[in-house]
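1. I'd like to go over a predicted model; first the sequence, then the structure.
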Amino acid sequence: MSEFPVKHISIRVPWHDNKWDGTVCREPALNTSCLKLINIADSKNETLEESRKGECIQDFNSSDLPPCVKERGTFMAPFSFTRFHDHPYTKNSNDSHSHFKPTPLNFPAYGAAALPFRWMNKKFVFGDDNNRGFVQGFPS
């Protein structure tokens, strides 16, 4: 069995003007910091968000969730919820990923999904001329 080192994690979350409490921002059009994150900027709908500003997302349909939810914008929400995740490779990888269906992700109250950014970087996984990668450090 492989032994993995114990490490701390940090989770990137977008700015929210109401304590990340599971609501749409109180002033979505004024929250320009979320535009720094491409996954929010590319799908932000300020008109829709303005019409629902301050509302709790708990009872929203998955398709009505603001894009910040994908980026952990609800990590302090005091309720659980489910959102459907579309794998990003389904759009461009016909053979390898096109069979992936939208996947329900369940978030407990005060929960957030952490992404292992370092583990997804080829340099850290396979190593390079100067560093051993995870593959060498933790063989299967």
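-> Yes, it's here. Numbering: from 1, shown residues only.

2. Name all residues that make contact with residue 100.
-> Residues in contact with residue 100 (C-beta atoms under 8 Å, 6 or more residues apart in numbering) are 87, 89-90. Placement of C-beta: from N, CA and C, glycine included.

3. Now pLDDT and secondary structure too, for these, in a markdown table please.
-> As requested, the contacts of residue 100 are exported to a markdown table (pLDDT from 0 to 100; DSSP: H, G, I helix; E, B strand; the rest coil):
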| residue | pLDDT | secondary structure |
| --- | --- | --- |
| 87 | 82 | coil |
| 89 | 78 | helix |
| 90 | 81 | helix |
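
4. Now restrict those residues to buried residues only.
-> By neighbour count, with 16 or more other C-beta atoms under 10 Å, those hold no buried member.

5. any chance of those residues in JSON lines, with distance to residue 109 too?
-> Listed next are the contacts of residue 100 as JSON lines, based on distance: C-beta to C-beta, whole Å:
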{"residue": "87", "distance to residue 109": "26"}
{"residue": "89", "distance to residue 109": "30"}
{"residue": "90", "distance to residue 109": "30"}
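
6. Nearest to residue 112 among those residues?
-> residue 87 (19.0 Å; C-beta to C-beta).

7. got the contact list for that closest one?
-> Residue 87 touches 97, 100, 103, counting by C-beta under 8 Å, 6+ apart.

8. at 7 Å what do you get?
-> The contact partners of residue 87, by C-beta atoms under 7 Å, 6 or more residues apart in numbering, come to 97, 100.

9. Roughly how far does it sit from residue 105?
-> 11 Å (C-beta to C-beta, to the nearest Å).

10. Can you list the low-confidence ranges for the protein?
-> 1-2, 93, 139-140 (pLDDT under 70).

11. That one: strands as residue ranges?
-> Secondary structure of the chain, counting by DSSP state E: strands at 81-85, 103-107.
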